[in-house]
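> got a structure for you, letters missing:
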């Protein structure tokens with residue numbers, strides 16, 4: 001089991017970098033670029049839960065986005081390191097309900113995403129979490145449960161629809 005101290009509340013992903021081709025003609029981070037940043041934030045949380053890239057390499061199972069609702073609050077206009085936050089809202093079966101935030105270089109909340117990811121086997125079926133992963137998920141849920149409800153959390157994303 002991972003030491004609970006590593007379950008920062010919420011998990012912070014530092015130094016998220018962008019690439020110039022992620023920006024649109026107006027100089028704002030494109031929706032595709034925003035998705036790439038959210039993918040990086042999610043990967044940070046999944047690595048702590050041992051269901052990220054290292055687990056995919058060992059097992060062939062990977063976390064796959066099932067549904068998401070994104071709110072763009074402030075356009076990101078510069079290709080500077082960004083900061084992200086990962087918060088686990090709920091878990092069930094082989095799915096995780098997460099809330100992600102992107103902060104610009106000045107510390108302003110730029111975008112938020114509420115999403116459901118499922119642990120997916122090679123054939124596309126939802127796989128079950130291991131006992132160790134379930135223990136890590138329980139710890140993270142316990143650490144994240146007392147936090148206030150995220151301001152930009154919607155009501156359209158649920159584990160039931162995943």
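Sure, I can see it. The structure presented is a predicted model; accordingly, all values stated were derived computationally and were not measured.

> low pLDDT regions in this protein?
1-9, 78-80, 155-162 (pLDDT under 70).

> residue boundaries of the helices in this protein?
Assigned by DSSP state H, the chain shows helices spanning 31-48, 53-59, 131-144.

> of all the ones you listed, which one is nearest residue 92?
helix 131-144 (9.8 Å; C-beta to C-beta). Every C-beta, even on glycine, is put in place using the N, C-alpha and C of the backbone.

> what's around residue 73, how many residues?
13 (other C-beta atoms under 10 Å).

> backbone dihedrals for it, please?
Backbone geometry at residue 73, expressed as degrees, to the nearest 10, gives phi -100, psi -40.

> how about the contacts made by it?
109, 110, 111, 112, 152 (C-beta atoms under 8 Å, 6 or more residues apart in numbering).

> sitting in strands, which of the residues you listed do you find?
In this view, the contacts of residue 73 that belong to strands under DSSP state E are 109, 110, 111, 112.

> tabulate these (TSV), appending neighbour count and distance to residue 63.
Formatted as TSV, the ones in strands among the contacts of residue 73 follow (neighbours: other C-beta atoms under 10 Å; distance: C-beta to C-beta, whole Å):
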residue	neighbour count	distance to residue 63
109	15	24
110	24	23
111	25	20
112	21	19
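
> so how far is stretch 72-92 off the chain centroid?
8 Å (C-alpha atoms, centre = their mean, to the nearest Å).

> end-to-end on that stretch?
28 Å (C-alpha to C-alpha, to the nearest Å).

> now do stretch 104-112
Length of stretch 104-112, first residue to last, C-alpha to C-alpha: 12 Å.

> which residues does it contact?
By C-beta under 8 Å, 6+ apart, stretch 104-112 touches 29, 34, 37-38, 70-76, 78, 80-83, 99-103, 150-153.

> and stretch 42-62, by the same measure?
Counting by C-beta under 8 Å, 6+ apart, 2, 6-7, 11, 13, 63, 65, 84, 86, 88, 96, 98, 100, 115, 117, 119-122, 127, 129-130, 132-133, 136-137, 140 sit against stretch 42-62.

> what's residue 120 in contact with, if anything?
Residue 120 touches 61, 62, 63, 64, 94, 126, 127, counting by C-beta under 8 Å, 6+ apart.

> dump those into a markdown table; add neighbour count and distance to residue 45 as well.
Shown next, in a markdown table, are those (neighbours: other C-beta under 10 Å; distance: C-beta to C-beta, whole Å):
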| residue | neighbour count | distance to residue 45 |
| --- | --- | --- |
| 61 | 21 | 16 |
| 62 | 19 | 14 |
| 63 | 24 | 9 |
| 64 | 14 | 15 |
| 94 | 20 | 16 |
| 126 | 15 | 18 |
| 127 | 18 | 18 |
